[in-house]
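>>> I'll drop the sequence and a predicted model, then ask my questions.
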Protein chains: 2
Amino acid sequence: MTFRNYPMVSRVVFGRGCFDQMADIIEPQRLNDKAPFIFIVDDVFKGAASITSRIPTSYSDEIIYVSTKEEPKTTQIDDLVEYIILKHKARPAGIIGIGGGSVLDIAKAVSLMLNNPGEAKDYQGWDLVKNPAIYHVGIPTISGTGAEVSRTTVLTGPEKKLGINSDFTPFDQVILDPALIKNVPKTQWFYTGMDCFIHCVESLNGTFLNTFSKTYGEKAYELCMEVFLSKSVDKKIADEMLMMASWHGGMSIAYSQVGIVHAMSYGLSYVLGTKHGIGNCLVFNQLEEYYPKDVKLFRRMMTIHSIDLPQGICANLNDEEIEVMIEVAFSLKPLWENALGLNWQKKISSKDLYKLYRKI
Amino acid sequence: MTFRNYPMVSRVVFGRGCFDQMADIIEPQRLNDKAPFIFIVDDVFKGAASITSRIPTSYSDEIIYVSTKEEPKTTQIDDLVEYIILKHKARPAGIIGIGGGSVLDIAKAVSLMLNNPGEAKDYQGWDLVKNPAIYHVGIPTISGTGAEVSRTTVLTGPEKKLGINSDFTPFDQVILDPALIKNVPKTQWFYTGMDCFIHCVESLNGTFLNTFSKTYGEKAYELCMEVFLSKSVDKKIADEMLMMASWHGGMSIAYSQVGIVHAMSYGLSYVLGTKHGIGNCLVFNQLEEYYPKDVKLFRRMMTIHSIDLPQGICANLNDEEIEVMIEVAFSLKPLWENALGLNWQKKISSKDLYKLYRKI
């Protein structure tokens, strides 16, 4: 058996207000006055001076706002890379992603593709990247996805929704400022937080579990329980706890694997463009048979936070669309193997998935 | 307020037997056939073929056995560096430490000093190192110290016992193989494990505590409780849990600080050469006033594992010796500030320390 040799984030700073240390942190990486820092920022912050005025731009540095209404696409990465290359006189000194999981994944992918030829879709898969990424920094403004610690960047390509999994993917620097997540709208806060909770559930209940992952997963799970079930935790502290839950939950799956929820959620997103957080929740809600205790807890969390999941998303789709979802879901073999063991194909069928998808 | 920007271990592999992945991991770092890998190995493994036969030496690679009967000294580092430079035709491609906290600290210090002029004592302190270390790998064979994740390397110099704290100190690679710690003698297993427990106690009860450190510290604390208080945990699983407790406990203090136990234990070691693990236990046992709940737990752990602490270590020392201990302990200001707050000098006096030391 060969164990994964996991590439960690090189540096991490944590603290309320540490966003303002960004200039001190990135300036030593500035190669010359032509090589810009490119800040890839969630467009919800467009015009939000409380954030944008604190982004330390100089010389030809540029802020690029990206929409996160849809999941990141390989073509979006290619367009961004082309734009940056054509616009600037030198290869950037660094890429700084400021946003939720989508923005962090875009920042990771752009930093990789600036140093690797071809198109982003060519690198969807495992260890296909040849050259190290440009220096890249992740600053989460929503917590839960674990994108800040992972060695993947999940992209929807022409043929599949699959990450660029590479030792060069993790950030060189992560800035964890819990003050940044305080204004996330309630539903997004919940759906993204549930991504973390589901990571823990899938990691802790998976056959790939090991003591390394278990310790991270248990802590993140416990933090999620406090954040989403307890009414006595102060909002500020809850934000800090959720930020750390995302971090530890990310480390847990990094060294194990996700499971059925993520496999099926990828199918849903691929066909309907459903955002990852809500997609996970829609799927998880139907998986009582596989994760009984935790689906019950999840429903309690929904009740406490007055979350109404959309209904009947897949009821009126045609069979071909459901078939594509099933195909995408089943293509993610390691996720099924983790969830159900080596013989997973004997334990779940297309028919089972068909029924589950129809209920969503 | 400026928050610490913590340099993390670059890569980590975890798993029973992953020691055998060492060759695959380090070979890509071999620069040429003249630049050797230097394996710094605890001399308890001398002649232990089950370990030594699996160390992948080739070309002019060398295994250097070091005694860990005493705490590492700055002069020992200088001697090792001089020996390596005189003996080999090229600067080493890497330093691999295989052992407990002392060996890991020696490996870190040697890898730093091979790339920095002068003597090791010149770098005791914070951020005095100018050049990055040589590629260095840490392989713990005893768990608890957290040396595998920290940015320090604790050394006894001519004037002080103090770490080389630097962003260049952390390992480029850590190999966590729980099978390696199975044969640690009982008392050493206990004393070193207690180093981890005490890290958590000092971090979780300190004024420097933050949510980042808290989440790591709580998990490590909980793991220590299971390992040292529960009788139902399988030894293999307990070894894995202790290895992860050391890792998380190390991360917890890395982002906060230790406290009274470590300050006083440094004084003890400086004067008497007491090893760090047992030194901590000797001090902790007298600190019921400061850490009441946890000293009680510690005593229960001692009872369960039939540990008899040596008695009367300091009873017959002369006053000058005790004065030096007090001086060394009080020189570690951040530790006292963490333990007792900004006004710590009003809360504890030389007289208090004198009494405590005399009881040891």
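Alright, I've got the coordinates. Numbers count the residues shown, from 1 in each chain, chains lettered A, B, ... in the order given.
>>> measure the closest residue to A:Asp195 other than its chain neighbours to A:Asp239 for me?
By the measure of Cβ to Cβ, 6 or more residues apart in numbering or on different chains, the closest residue to A:Asp195 outside its immediate chain neighbours is A:Gly144, 4.3 Å from it. Glycine gets a C-beta too; all of them are placed from N, C-alpha and C. Noted for A:Gly144: a distance of 12 Å to A:Asp239, by Cβ to Cβ, to the nearest Å.
>>> Show me which of those two is the more surrounded one.
Ranked by neighbour count (other Cβ atoms under 10 Å in any protein chain shown), A:Gly144 and A:Asp239 place A:Gly144 first, with 33 against 23.
>>> The more buried one looks like it's in a strand, true?
No: counting by DSSP: H, G, I helix; E, B strand; the rest coil, A:Gly144 is not part of a strand but coil.
>>> So it sits against A:Thr192, correct?
Yes: counting by Cβ atoms under 8 Å, A:Gly144 does reach A:Thr192; the two are 3.7 Å apart.
>>> all helices for the stretch 201-350 of chain A, in order.
A:211-229, A:235-254, A:260-272, A:276-284, A:292-304, A:319-331, A:333-340, A:344-347, A:350-359 (DSSP state H, counting those that start in this stretch).
>>> will you turn those helices into JSON lines that also has distance to chain B and mean pLDDT?
Shown next, in JSON lines, are the helices of the stretch 201-350 of chain A (distance: least, Cβ to the nearest Cβ, whole Å; pLDDT from 0 to 100):
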{"stretch": "helix A:211-229", "distance to chain B": "4", "mean pLDDT": "98"}
{"stretch": "helix A:235-254", "distance to chain B": "4", "mean pLDDT": "97"}
{"stretch": "helix A:260-272", "distance to chain B": "22", "mean pLDDT": "96"}
{"stretch": "helix A:276-284", "distance to chain B": "22", "mean pLDDT": "97"}
{"stretch": "helix A:292-304", "distance to chain B": "20", "mean pLDDT": "98"}
{"stretch": "helix A:319-331", "distance to chain B": "27", "mean pLDDT": "96"}
{"stretch": "helix A:333-340", "distance to chain B": "16", "mean pLDDT": "97"}
{"stretch": "helix A:344-347", "distance to chain B": "22", "mean pLDDT": "97"}
{"stretch": "helix A:350-359", "distance to chain B": "32", "mean pLDDT": "98"}
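>>> okay, the ones you listed in JSON lines with distance to B:Lys121 next?
As requested, the helices of the stretch 201-350 of chain A are exported to JSON lines (distance: least, Cβ to Cβ, whole Å):
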{"stretch": "helix A:211-229", "distance to B:Lys121": "37"}
{"stretch": "helix A:235-254", "distance to B:Lys121": "37"}
{"stretch": "helix A:260-272", "distance to B:Lys121": "53"}
{"stretch": "helix A:276-284", "distance to B:Lys121": "53"}
{"stretch": "helix A:292-304", "distance to B:Lys121": "54"}
{"stretch": "helix A:319-331", "distance to B:Lys121": "59"}
{"stretch": "helix A:333-340", "distance to B:Lys121": "50"}
{"stretch": "helix A:344-347", "distance to B:Lys121": "59"}
{"stretch": "helix A:350-359", "distance to B:Lys121": "66"}
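>>> I'd say A:Leu309 and A:Met301 touch.
No: A:Leu309 is not in contact with A:Met301 according to Cβ under 8 Å; the separation is 11.6 Å.
>>> And these two? Which one has more around it.
Neighbours per residue (other Cβ under 10 Å) separate A:Leu309 from A:Met301, with A:Met301 holding more: 20 against 15.
>>> Find the nearest non-adjacent residue to that one, please.
A:Met301 sits nearest to A:Phe228 (Cβ to Cβ, 6+ apart), 4.3 Å away.
>>> measure the one you found to A:Tyr221 for me?
11 Å.
>>> Can you check which residues contact both of the two?
A:Phe197 (Cβ atoms under 8 Å, 6 or more residues apart in numbering or on different chains).
>>> Could I get the full set of strands for the stretch 101-250 of chain A?
For the stretch 101-250 of chain A, applying DSSP state E, counting those that start in this stretch gives strands covering A:125-126, A:136-140, A:154-156, A:161-165, A:173-176.
>>> Can you name the residues that contact the closest residue to A:Glu288 other than its chain neighbours?
Leaving aside its sequence neighbours, A:Glu288 sits nearest to A:Val295 (Cβ to Cβ, 6+ apart; 4.4 Å). Contact analysis of A:Val295 by Cβ under 8 Å, 6+ apart lists A:Phe284, A:Asn285, A:Leu287, A:Glu288.
>>> So which of those residues wins on neighbours?
Neighbour max across the contacts of A:Val295 (other Cβ under 10 Å) = A:Phe284, 27 neighbours.
>>> which residues touch the closest residue to that one other than its chain neighbours?
Among residues not flanking A:Phe284 along the chain, A:Val261 sits closest, at 4.9 Å (Cβ to Cβ, 6+ apart). Each residue near A:Val261 by Cβ under 8 Å, 6+ apart is listed here: A:Ile198, A:Val201, A:Glu202, A:Asn280, A:Val283, A:Phe284, A:Leu287, A:Tyr291.
>>> Check A:Leu268 too.
A:Thr274, A:Gly279, A:Leu282, A:Val283, A:Ile313, A:Cys314, A:Met325, A:Tyr357, A:Ile360.
>>> before we move on, what about A:Ala238?
Counting by Cβ under 8 Å, 6+ apart, A:Ala238 has contacts A:Glu226, A:Val227.
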